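**Student:** Quick check, what structure comes out for this input:
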Amino acid sequence: MVRSARYGIFACIIGICSFGCSSYASPPEEPRKPLNYQECVSGGGKVLKSYPGQCITSDGMRFIQDEGASKRAQKSCKDTCGNGTCEEIVCMALGCPCPETPATCPQDCK
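**Tutor:** Modelled structure (predicted):
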């Protein structure tokens with residue numbers, strides 16, 4: 001009786017270990033980058049009060065609400081990450097610096 005109880009406990013421990021190890025086998029998925037205005041908005045992008053509506057992702061990708069326009073993202077801002085200045089508040093015209101945060105440009109925004 002003692003021997004079968006030991007085997008039962010041993011089997012339970014093996015089962016618990018194999019279940020616990022298998023749940024950590026796959027790495028977390030990378031968040032998918034938006035491909036259009038709606039995905040940008042639903043993904044938490046900054047929505048500008050403009051006409052047509054515009055949405056900007058944290059890495060500077062800009063999407064225009066007009067579905068007839070090009071659906072590809074346009075990088076309309078200038079990437080200045082690494083210049084030593086944290087560009088938190090920027091203009092929104094073509095050629096302006098991309099907005100920077102500690103997450104997007106840790107070397108400038110400490």
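**Student:** Would you map the helices across the chain?
**Tutor:** Here the chain has its helices, by DSSP state H, at 2-22, 37-42.
**Student:** Worst mean pLDDT among those?
**Tutor:** Ranked by mean pLDDT, these bottom out at helix 2-22, which scores a mean of 58.
**Student:** and the gap between residue 76 and residue 56?
**Tutor:** Here the distance between residue 76 and residue 56 works out to 9 Å (Cβ to Cβ, to the nearest Å). The C-beta positions use only the backbone N, C-alpha and C, and glycine is treated the same way.
**Student:** Now list whatever residues contact both of these two.
**Tutor:** Both residue 76 and residue 56 are in contact with residue 62, where contact means Cβ atoms under 8 Å, 6 or more residues apart in numbering.
**Student:** Look at residue 86 and say how many residues are nearby.
**Tutor:** A total of 18 residues lie near residue 86 under the criterion other Cβ atoms under 10 Å.
**Student:** I'd assumed residue 106 was in contact with it.
**Tutor:** No - between residue 86 and residue 106 there is no contact, the gap being 9.8 Å when judged by Cβ atoms under 8 Å.
**Student:** show me the contacts for residue 30.
**Tutor:** Residue 30 sits next to no residue when contact means Cβ under 8 Å, 6+ apart.
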